[in-house]
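Novice: build me a structure from this.
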Amino acid sequence: MDVKSRLQENLIQELLSYSVFPDPDVLEETIKRYETDSNMWLYGYESEGILVGIIGFRINDEQEMTIQHLAVEPHSRGAGFGRGIILEIIEEMHPVRIVAETDEETVQFYRSIGFVIRSLGEKYPGVERFLCTYEIEPEDE
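Specialist: Presented below is the predicted three-dimensional model:
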């Protein structure tokens, strides 16, 4: 479900905070970008009526989706919600490709659901970043 209009809610901000640099200023900048950029989308994922995760992304005219933020609340991690969020967003938005940039801590998650991983090297001192790409197979008619 689209939760962009709920950006001022504590739960939405808490979930978003899990996927940004742990700094209140960075979180505030991120919220402002979602509020002002009509090309950024923010969707929430519910389980049994409880919001357990979010995905923030852009999608261009060629239907290439770039994941900006993906987070599952800590107590629900490892239960398949992250994968579910991506599967739902594929169903909803019909991208032809999904790309995400991530760190070493999260790269295995993307690898486990079929993303192709490429190292971008050390983008920040001591921090290796990775580009994760997933090509959507067209459905047979």
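
Novice: just want the most central residue of this protein.
Specialist: For the chain, the residue nearest the mean C-alpha position is L70 (2.8 Å; Cα atoms, centre = their mean).

Novice: next up, phi/psi of that one, please.
Specialist: phi -140, psi 120 (degrees, to the nearest 10).

Novice: tell me the pLDDT at it?
Specialist: According to the prediction, L70 has pLDDT 96.

Novice: how about the one 5 residues further on?
Specialist: Here the pLDDT value assigned to H75 is 92.

Novice: and it, how close does it get to F81?
Specialist: 11 Å (Cβ to Cβ, to the nearest Å). C-beta coordinates here come from the backbone N, C-alpha and C atoms, glycine included.

Novice: how about L70?
Specialist: With distances taken as Cβ to Cβ, L70 is found 10 Å from F81.

Novice: so the residue nearest to the centre of the chain bridges to which residues?
Specialist: Using DSSP bridges, the beta-bridge partners of L70 come out as I55.
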